[in-house]
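Q: Mind folding the following:
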Amino acid sequence: QVQLVESGGGLVQAGGSLRLSCTASGRTFSSYGMGWFRQAPGKEREFVAGTSGNGGSTYYEDSVKGRFTISRDNAKNTVYLQMNRLKPEDTAVYYCAARTIRSIVIGTRARDYGYWGQGTQVTVSS
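A: Residues are numbered from 1 along each chain as shown. Model (predicted):
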């Protein structure tokens with residue numbers, strides 16, 4: 001069983017930055033693929049970014065490339081999402097997710113992940 005706790009959401013003006021954190025329980029965090037997803041009102045949950053267990057591989061949804069950075073600190077069982085140059089369309093509840101099944105591919109679908117955090121609200125004002 002993996003528990004994920006997110007933090008770092010909030011209200012920010014367009015062009016600003018936020019850093020989300022997600023801390024996981026478990027002694028094998030470095031083996032988990034980790035992902036960030038988001039869900040805006042009335043929309044489906046969508047993939048934002050993902051990273052491999054050792055952080056050596058990352059993958060981003062096109063609209064956040066060059067603005068968002070996913071990273072992880074396995075010593076702290078934590079994955080981060082640094083979000084820069086935020087836009088109003090980035091407004092959503094952001095979720096971190098853990099993929100405990102080993103794979104060489106970074107999952108981009110919600111069903112690729114078996115464990116989810118509670119979500120943290122990010123609101124970007126124009």
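Q: Secondary structure element holding the residue most central in space within the chain?
A: Nearest residue to the geometric centre of the chain (CA atoms, centre = their mean): residue 36, 2.1 Å. Secondary structure assigned from DSSP states H and E places residue 36 in strand 33-39.
Q: hmm, who's touching the helix or strand immediately after that strand in the chain?
A: Moving toward the C-terminus from strand 33-39, the next helix or strand (DSSP H and E) is strand 46-51. Contact with strand 46-51 is made by 33-39, 57-61, 64, 68-72, 79, 81, 94, 106-110, as judged by CB atoms under 8 Å, 6 or more residues apart in numbering. All C-beta atoms are positioned from the backbone trio N, CA, C, and that covers glycine.
Q: returning to that earlier point: in this structure the residue nearest to the centre of the chain contacts residue 93, no?
A: No - under the criterion of CB atoms under 8 Å, residue 36 makes no contact with residue 93, lying 11.3 Å away.
Q: quick one, strands of this structure?
A: Remark: strands assigned in the chain by DSSP state E are 4-7, 10-13, 18-24, 33-39, 46-51, 58-60, 68-73, 78-83, 92-99, 115-116, 120-125.
Q: And the second one, what does it pack against?
A: Secondary-structure packing of strand 10-13 (3 or more CB pairs under 8 Å, 6 or more residues apart in numbering; DSSP states H and E): strand 120-125.
Q: Equivalent analysis for the shortest one, please.
A: Using 3+ CB pairs under 8 Å, 6+ apart as the contact criterion, the elements in contact with strand 115-116 are strand 92-99.
Q: what lines up beside the strand it packs on in the sheet?
A: Applying DSSP bridges, strand 92-99 is found paired with strand 33-39 (antiparallel), strand 115-116 (antiparallel), strand 120-125 (antiparallel).
Q: Need the ones you listed in TSV (columns: distance to residue 45 and mean pLDDT).
A: Converted to TSV, the strands paired with strand 92-99 look like this (distance: least, CB to CB, whole Å; pLDDT from 0 to 100):
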stretch	distance to residue 45	mean pLDDT
strand 33-39	4	98
strand 115-116	10	96
strand 120-125	14	98
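Q: will you turn those into TSV that also has distance to residue 101?
A: What follows is these, written out as TSV (distance: least, CB to CB, whole Å):
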stretch	distance to residue 101
strand 33-39	8
strand 115-116	11
strand 120-125	25
